[in-house]
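Asks: Here you go, sequence then predicted model.
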Protein chains: 2
Amino acid sequence: MISVEEARARILEVLRPTPAEVVALAEAWNRVTAAPVVARLTQPPVDVSAMDGYALRAADGAAGAVLAVIGAAPAGHPFDGVVGPGQAVRLFTGSAVPAGADAILLQEDAARDGDSVRVNESVTLGRHIRRAGQDFAAGDAVIPAGRRITARDAGLAAAANHPWLPVHRRPRVAILATGDEIAMPGEPIPPGGIVSSNSHALASLVRAAGGAPMILPNARDDAAAIAAVADAVAGMDLLVTTGGASVGDHDLVIAALQSRGLTLNFWQIAMRPGKPLLFGQLGTTPVLGLPGNPVSALVCAILFLLPALMRLSGLPAAALPTTAAVLGSAVRANDRRADYLRASIACDAAGRLVATPFPVQDSAMLRRLANADALVLRPPHAPALEEGAEVSVIRLDSLGL
Amino acid sequence: MISVEEARARILEVLRPTPAEVVALAEAWNRVTAAPVVARLTQPPVDVSAMDGYALRAADGAAGAVLAVIGAAPAGHPFDGVVGPGQAVRLFTGSAVPAGADAILLQEDAARDGDSVRVNESVTLGRHIRRAGQDFAAGDAVIPAGRRITARDAGLAAAANHPWLPVHRRPRVAILATGDEIAMPGEPIPPGGIVSSNSHALASLVRAAGGAPMILPNARDDAAAIAAVADAVAGMDLLVTTGGASVGDHDLVIAALQSRGLTLNFWQIAMRPGKPLLFGQLGTTPVLGLPGNPVSALVCAILFLLPALMRLSGLPAAALPTTAAVLGSAVRANDRRADYLRASIACDAAGRLVATPFPVQDSAMLRRLANADALVLRPPHAPALEEGAEVSVIRLDSLGL
């Protein structure tokens, strides 16, 4: 058995970011940049007014002065002439400051009377003028490569005049559930069987991470049925299987895929839930084999599949960030397997996060997992802890997981 | 001018959740349930083994006993007979516990020899048996209405045998940018003009909140062009405009839309950036008018459009949650307008969040906004604060905003 950290490192070592494709800016939200976004223009392109008012020479702008209004420059309609002594030009937020002018008289500090305007409040040289390039200059890398595009980034890329962006192709992830006992929702359930939940949970998790899931038909516990998947995964960036990887009699996945050329990297992790984890390579497609228990499968997916998807997406790949919390109830000493306790989260009067592990941690209780706010990390051989002790948690409540 | 809180309350008072549609479970991730998800079966359906091993009578399971193995029950292939005294049945994780048996002998505690098995470690009555209904029972509402479906929920809905889910239709949001000075990315830029960024930023924000954005062609500062949008928004759940709502000479949106029946709810908010906010109703379509400055537009969208999208989506609608942080630099006393300072976030040695407002807070600096991690909340008339003082922040760094 290897540690969780070593397993994650071995997975990330093998995976490579997907190649780039070009998408319209309107489709770029939440995609990962495959190259820096370099500004194609300077913003603002010229000195512009930050306010509605009048452009004038600062020397003319003492309170009480009366100036001749020689024109107007609505945004998008620059004033062509030059502002001379004793003159002013009407302008608006975003209007180009005309030649000759070096100060802005705010609208609320001005009294307009026909073709003239009176200065009620003295102006300051340069005040309320946004200088050319104050936001960015042509050639600036305004967004780095390897960044997930936010709404703000999309606006910035637009302002930098990019109708298209090169982004990493969505990781294509094939998902295969195995087992004689499982049926897809709404289909006939075999005697003593259950409805399969792993494929839909994992496909949703792949979506949450920005990937493109493909749910394969369930495979029965039959070597030929499982081996057939090798033909289905050509061109996929990852194959995720569930079930059939443990030490029981019905563990066919490894043998079946080995018959089709699977090379095995590892398949046992010192963790709970989820010891039987498989990682290998089937042709050019990496294979991640998760346990069949739905809770184990999802916890392992959070620990291993999410970082894998980050790497494939072109993001810096890492474990999910942990947060400090205090225990809402005591926990026992841990054995040699890292444990991930499903827990609720609350905030105490002092504003601290309180994580309370559910009393029953059965890896078949999917409803409990769905209601969990966090996983409490229990490293191998961690000592027993009292209520109030500090622990690290992985928060699940805002990730779409 | 009205307060931010009153404006938000007035918006949320008007909006209603969209009606339900039915989507395949594979498409349900991140959608909002329009009805509780009620389990259609009991899970597990019968008592099942939690481990690989043997089913037997607890009375027969003392260390040293040797039992006759009368059959096997792989998952999905229940054993039909009854386990009698001195008998055992081989089973696996998830196998139905056969009639007559009330204990599980773990595989690692058993020594198999042909048709018999020796008990090496005494069994405990009921241990390692998952009782029927331990996860959920048919008729249980396993997911409430009004919840955004997580990956874990998708698995739970599958396990509860739902191939389809009723969810609220994605809110349809039309987005209109106005102004003579703006061009779409890649299109010819008018003299003195800029590339329009608001439409793409807001469309991305709508996507981030699970809505369906529709970017309308930019409208020039022309009453007829703006009024024409009234025909385009029939059937939309919300129209968002940017620009043209302030007090300058080129503020045509209100007048133009009033000519098409706009009823105005309010249009001035005591906040910065973003005073000129408009809310009203155009036929059956609510209208939210945001400022034209890209930073103002996005900050207002975070404060007002996101809660509006939550309400339309069927979620409990609320302001984005705030987090406590300490200031990384002093801030001045605030005036009567609520202020939202763009800030970076770091963690100090004591593990506290430190929010440092950018020294320049110009509402035209989109690059700065894109690099901000948080907005520092400054209520109206808030006093000056020193470095280290506690403030509330809205975190932006993990919302896709």
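Replies: Structure's in. What do you need? Numbering: from 1, shown residues only, chains lettered A, B, ... in the order given.
Asks: Show me what the strand ranked longest in chain A is packed up against.
Replies: For chain A, the longest strand by residue count, based on DSSP state E, is strand A:338-347. With contacts defined as 3 or more Cβ pairs under 8 Å, 6 or more residues apart in numbering or on different chains; DSSP states H and E, strand A:338-347 has these neighbours: strand A:271-272, strand A:353-357, helix A:366-371, strand A:374-378, strand A:390-395. All C-beta spots, glycine's among them, are computed from the backbone N, C-alpha and C.
Asks: For the last one, name the packing helices and strands.
Replies: Packing partners of strand A:390-395 (3+ Cβ pairs under 8 Å, 6+ apart): strand A:323-327, strand A:338-347, strand A:353-357, strand A:374-378.
Asks: same deal with the fourth one?
Replies: Packing contacts for strand A:374-378, counted by 3+ Cβ pairs under 8 Å, 6+ apart, involve strand A:323-327, strand A:338-347, strand A:353-357, strand A:390-395.
Asks: Look up the pLDDT of the closest residue to chain B within the stretch 251-400 of chain A for me, please.
Replies: Closest approach between the stretch 251-400 of chain A and chain B, counting by Cβ to the nearest Cβ: residue A:370, at 4.2 Å. Per-residue pLDDT puts residue A:370 at 95.
Asks: show me what contacts it?
Replies: Shown in contact with residue A:370 (Cβ atoms under 8 Å, 6 or more residues apart in numbering or on different chains): B:142-143, B:150, B:152-153, B:155-156.
Asks: and if we set it to 6 Å?
Replies: B:152-153, B:156 (Cβ atoms under 6 Å, 6 or more residues apart in numbering or on different chains).
Asks: can you put these in CSV and add pLDDT and secondary structure?
Replies: What follows is those, written out as CSV (pLDDT from 0 to 100; DSSP: H, G, I helix; E, B strand; the rest coil):
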residue, pLDDT, secondary structure
B:152, 97, helix
B:153, 97, helix
B:156, 97, helix
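Asks: Residue B:35: which of those is nearest?
Replies: Using Cβ to Cβ, residue B:153 is the member of these that sits closest to residue B:35, with 13.6 Å.
Asks: Could you look over the helices and strands packed on strand A:374-378 and pick the most buried one?
Replies: strand A:353-357 (a mean of 21; mean count of other Cβ atoms under 10 Å in any protein chain shown).
Asks: Mind checking if that strand is in reach of chain B?
Replies: No. Using Cβ under 6 Å from any Cβ of the partner chain, strand A:353-357 stays clear of chain B, coming no nearer than 11.4 Å.
Asks: hmm, the lowest-mean-pLDDT helix or strand in chain A in reach of chain B?
Replies: Here the helix or strand of chain A ranked lowest by mean pLDDT, DSSP states H and E is strand A:271-272, holding a mean of 82. No. Applying Cβ under 6 Å from any Cβ, one finds strand A:271-272 separated from chain B by no less than 13.0 Å.
Asks: Isn't residue A:121 up against residue A:109?
Replies: Yes. Applying Cβ atoms under 6 Å, one finds residue A:121 in contact with residue A:109, separated by 3.6 Å.
Asks: Find the residue ranges of chain A scoring beneath the pLDDT cut-off.
Replies: For chain A, the stretches flagged by pLDDT under 70 are A:245-251.
Asks: I'd like the contacts of residue A:370 written out as TSV, with distance to chain A and neighbour count added.
Replies: Shown next, in TSV, are these (distance: Cβ to the nearest Cβ, whole Å; neighbours: other Cβ atoms under 10 Å in any protein chain shown):
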residue	distance to chain A	neighbour count
B:152	4	27
B:153	5	28
B:156	4	29
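Asks: can these go into CSV with extra columns for distance to residue B:328?
Replies: Converted to CSV, these look like this (distance: Cβ to Cβ, whole Å):
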residue, distance to residue B:328
B:152, 37
B:153, 38
B:156, 42
